[in-house]
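Participant: Below are the sequence and a predicted model; questions follow.
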Amino acid sequence: MGVHFLLQTVSVGMQTHYEVSSLKAGVKYIVQVRCMLDLGEWSEWSSERSIQIPKEQLPPEKPIIIKCRSPEKETFTCWWKPASDGGLLTKHTLLYSKEGEEKVYECPDYKTAGPNSCYFNKKHTSFWTIYNITVRATNEMGSNVSDPHYVDVTYIVQPDPPVNITLELKKSIKRKPYLVLTWSPPPLADVRSGWLTLEYELRLKPEEGEEWETIFVGQQTQCKMFSLNPGKRYIVQIHCKPDHHGLWSEWSPEMYIEIPTDFRVKDMVVWIIVGVLSSLICLIMSWIMIMKGYRMMAFILPPVPGPKIKGIDTHLLETGKSEELLSALGCHGFPPTSDCEELLIEYLEVEDSEDQQLMPSHDTPSKNTKIMLKETDSDSGRGSCDSPSLLPVKCRESRSLPSALQTQDVRAKEKKGGKGSWDTRCMASEQKTLPCESIKTCTWLAAQLPSNQAAMFAYHSTVEAFKITLNTTNVNNSPVLVGNEENRQSLYPIAETVYDDVEKVSEMEYSKTDQTTVQVRQNEHSNKSPFLNPKLMDYVEVHKVRQDEEPTLLLKHKENSGKTKKCTVPGTSKEYTKVSTVVDHHILVLLPDQRSQNTPVSQEPVAETSQNPQQSQAEKNTSYSATAPSDSRRDTSGSDYMDPSSFMPSFK
Amino acid sequence: PRPDAAAFSAEAVAALALLWLLVCAPGDAGCHPLTVADLFDRVIRHSGRIHSLSTALYEKHFPSRDNELGRPARKCHTSGMLTPNGKEYAQKIPREELTQVILKLLQAWKEPLSHFNQHIEHHQELPDDSLSKAKQISNMVHELKTGVEKVTEKMQSMGIISNSLNGMASSEGTGLSISNEANMMSDSDFIHCFRRDSNKVQSYLKILKCRIMPENSC
């Protein structure tokens, strides 16, 4: 009825009727007419006459059948949707026919199921029969029929949701809560007759969760849920469907259940106690670690022990307490090496301004022989073979020097196979050695002490320990030192080896020098001439001993023809291998070797050493030893040195 | 929702077990006599499996259901049989009649099924798994019929139903004529009709069970 203000004037002429076309449907028109006399004035407009143009009228469109459903497999309902009705009142009719029949029936009930629906009750519902259902829309202009809809009621069953849903929390044996759900089938479904069998499915999720957990439970009407988290709120829903082909029902309304937290005071207390205890333990452990960290580290990672010679304490060496050191060496059964290997080196330190040297040498193996050289000098280079001051007397022979002694900074040197080590030493110092004039190996290496210093020797021997400390002032009359050069004049500290054996080799040899006789004096002798001429010697070897009134120590020159020899050992082939003392600063007292009486050759292998006559200590009575006072000194073990004054001889 | 593929082999085994148990005579060692309720449960389960198989076959053949339903001239060879088409009717007719209907139906499908098997092997219209399913159906229907016969015998021995099942012979005769009609069915009709009849059998069995033993899960 819109209001249009479209004014249109049409001149009609003399007629009294007029046809208006192109009218719009659904519009109300108002018409007025007026007239005019010939060329006169227009009259007034007539009264308004209105006319409503009706809307367009069409037959109705085809309705559409939406769905047909049976809630309990006994009745069913169909719904349709009407299309445009063409502006007119439209009536719908539903018509159906059954499979195998020609007859068409109309819907028995349009009302029960609501507008645009058709309800088929039990009487009108047949199963295992296909229905052909159509809907007809009719209006004044015509009618229209929907497309046919075929339906077999058996397969359109969609039950109602289950009802009477109960959620119950029960406690299991361990006080864990579990959920028991029970429900009932929808009231309309006839499950009791077996006509309709329903299957159920439930779903649940935590209230804050997003995904549903769907569980198919089959035909049972109760379910137990165990795996629920305490303290959470859950939402539960159930739906069902017929066991054969059908449709799932709607979900039941949401049911809420809260799982109580299984929170007991007792558990919390236990945890608190556990926490406190463990923190305490951690504190104690860390405190212990801090306090005793080092000890524990030492316990876990013990320090690697350094090499140690049994019986020798490096500290003792360093501190200069040779007494203890010697005692450690001697008293504890320092294992003697083999005869061939053990080198007994007896050092005689002789100060000799005239380069006379005493070279006792001993090549008999003796166990427990050690060279202990203590140098008061601070020069560390002292005593090594390479030391320029060293005058090792060594045989040219490259024979091993089983008894060669090295004066070195032997502190706590262990004797290895004495041969080899000695060899090297000797070899190393070969250049500095005097020409060896004897086949016998050099057995003596002397380390040079600086002048004006007395060498301190420490030795230990079960046998007579012979310690000589020579003063520089007594060089002149000191026993012979071995010197490298002829004219070398210096003090040569002599390291004495410590023998546990009686065997001592004290050999002195004069090389390049004239025969020097060692006047071995008997005890009654005294004030003899210098025992040894301070001359250069290659090695010392007791060559002969005269048992005459003047036993002399002859220096053997085995190969040195140039040297004169005195071979005045009558009869006996005693060999004096032991220097017992120094008398008057120039007299060397030698002791005969008891054991090797008839064997001038030493017991050592030939290759090794020269034949060092050995003396046993047992021959003290026959020895040409110093006076008694010095005996005690001589026979010391453990004392650092012997005061030469103690050797003030009284040869008797 | 039952997975079809996995269930079929299990169903065959179960079908054999069903047969064995039905044949089991009381008194054998290790053989416990089954109650009527147990027997009914077994046959009902078996019929359910048959129905599932046929539904799977049907859905493969007819992807869209509704429109295909209305194809004209869809007539099953068993349509002429008087069968209750609703719950009320099924509850009203006597038990013997209901039992007979079941047996008739099963009988009516015996031969068409075998014929169908021979037919589809040559025609290759169906996919391979459908072929195997069809073969399975045939065996299962045979087993089901045997089972229902056993149940019937049991019921008759127990006096639950009378012994007035003399119409079997006549059903045999009608079965033959029906079978002739069945040979003219198309494959799709065949599948559709069989699916419906398997549902009928299942429903009738359920109702019969609950009529006889209302207390057992009814």
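Facilitator: All right, it came through fine.
Participant: Run through the chain and note the low-pLDDT ranges.
Facilitator: In the absence of a named chain, chain A is used. Along chain A, the parts satisfying pLDDT under 70 run over A:1-6, A:262-263, A:311-317, A:319-579, A:582, A:588-590, A:592-652.
Participant: right idea, wrong chain: chain B
Facilitator: Applying pLDDT under 70 to chain B flags residues B:1-32, B:63-74, B:123-127, B:165-183, B:216.
Participant: can you tell me which helix in it is longest?
Facilitator: As assigned by DSSP state H, the longest helix anywhere in chain B is helix B:128-158.
Participant: buried residues in that one?
Facilitator: Going by neighbour count (16 or more other Cβ atoms under 10 Å in any protein chain shown), the buried part of helix B:128-158 is B:130-131, B:133-138, B:140-152, B:154-156. Just so you know, the C-beta spots here come from the backbone N, C-alpha and C atoms, and that holds for glycine as well.
Participant: what residues does chain A put near chain B?
Facilitator: A:73-74, A:99-100, A:122, A:125-130, A:132, A:148-152, A:154-155, A:190-195, A:197, A:216, A:243-245 (Cβ under 8 Å from any Cβ of the partner chain).
Participant: Check the residues you listed for burial and list the buried ones.
Facilitator: With neighbours counted using 16+ other Cβ under 10 Å, the residues of chain A next to chain B contain these buried positions: A:73-74, A:99, A:125-130, A:132, A:148-152, A:154-155, A:191, A:193-195, A:197, A:243-245.
Participant: quick one: residue B:106 is in a strand?
Facilitator: No - the assignment for residue B:106, made by DSSP: H, G, I helix; E, B strand; the rest coil, is helix rather than a strand.
Participant: count of neighbours near residue A:158?
Facilitator: Neighbours of residue A:158 under the rule other Cβ atoms under 10 Å in any protein chain shown: 19.
Participant: Quick one: the helices in chain B, in order.
Facilitator: Along chain B, counting by DSSP H, helices occupy B:4-23, B:36-61, B:65-69, B:87-92, B:95-123, B:128-158, B:168-182, B:187-212.
Participant: Tell me which of these lies nearest to residue A:226.
Facilitator: For residue A:226, the closest of the helices of chain B is helix B:4-23, at 27.1 Å, according to Cβ to Cβ.
Participant: Tell me the secondary structure of the nearest residue to residue B:87 once chain neighbours are set aside, please.
Facilitator: Leaving aside its sequence neighbours, residue B:87 sits nearest to residue A:195 (Cβ to Cβ, 6 or more residues apart in numbering or on different chains; 4.5 Å). Following three-state DSSP, residue A:195 is assigned to coil.
Participant: Looks like residue A:27 contacts residue A:53 (just checking).
Facilitator: Yes - with contact defined as Cβ atoms under 8 Å, residue A:27 reaches residue A:53; the gap is 5.0 Å.
Participant: And these two? Which one has more around it.
Facilitator: Neighbour count, other Cβ under 10 Å: between residue A:27 and residue A:53, residue A:27 has more, with 15 against 12.
Participant: and the longest helix of chain B with chain A, contact?
Facilitator: No - using Cβ under 8 Å from any Cβ, helix B:128-158 stays clear of chain A, coming no nearer than 14.8 Å.
Participant: What helices and strands are in contact with that helix?
Facilitator: Judged by 3 or more Cβ pairs under 8 Å, 6 or more residues apart in numbering or on different chains; DSSP states H and E, helix B:128-158 is in contact with helix B:4-23, helix B:36-61, helix B:95-123, helix B:187-212.
Participant: For residue A:19, which of the ones you listed is the nearest?
Facilitator: Between residue A:19 and these, the tightest spacing by Cβ to Cβ is seen for helix B:187-212, at 62.7 Å.
Participant: got the angle between the closest one and helix B:36-61?
Facilitator: Helix B:187-212 and helix B:36-61 meet at an angle of 160 degrees, taking axes from the mean of the first three to the mean of the last three Cα atoms, to 10 degrees as the criterion.
Participant: what packs against helix B:187-212?
Facilitator: Counting contacts by 3+ Cβ pairs under 8 Å, 6+ apart, helix B:187-212 packs against helix B:36-61, helix B:87-92, helix B:95-123, helix B:128-158.
Participant: Could you check how far residue B:132 is from chain A?
Facilitator: The gap separating residue B:132 from chain A is 21 Å, by Cβ to the nearest Cβ, to the nearest Å.
Participant: And for residue A:241, nearest residue in space, chain neighbours not counted?
Facilitator: Excluding its sequence neighbours, the residue lying closest to residue A:241 (Cβ to Cβ, 6+ apart) is residue A:248, at 4.5 Å.
Participant: Nearest spatial neighbour of the residue in the stretch 251-400 of chain A positioned nearest to chain B, chain-adjacent residues omitted?
Facilitator: Relative to chain B, the nearest point of the stretch 251-400 of chain A is residue A:251 (16.9 Å; Cβ to the nearest Cβ). Residue nearest to residue A:251 in three dimensions, not counting chain neighbours: residue A:237, with 4.4 Å by Cβ to Cβ, 6+ apart.
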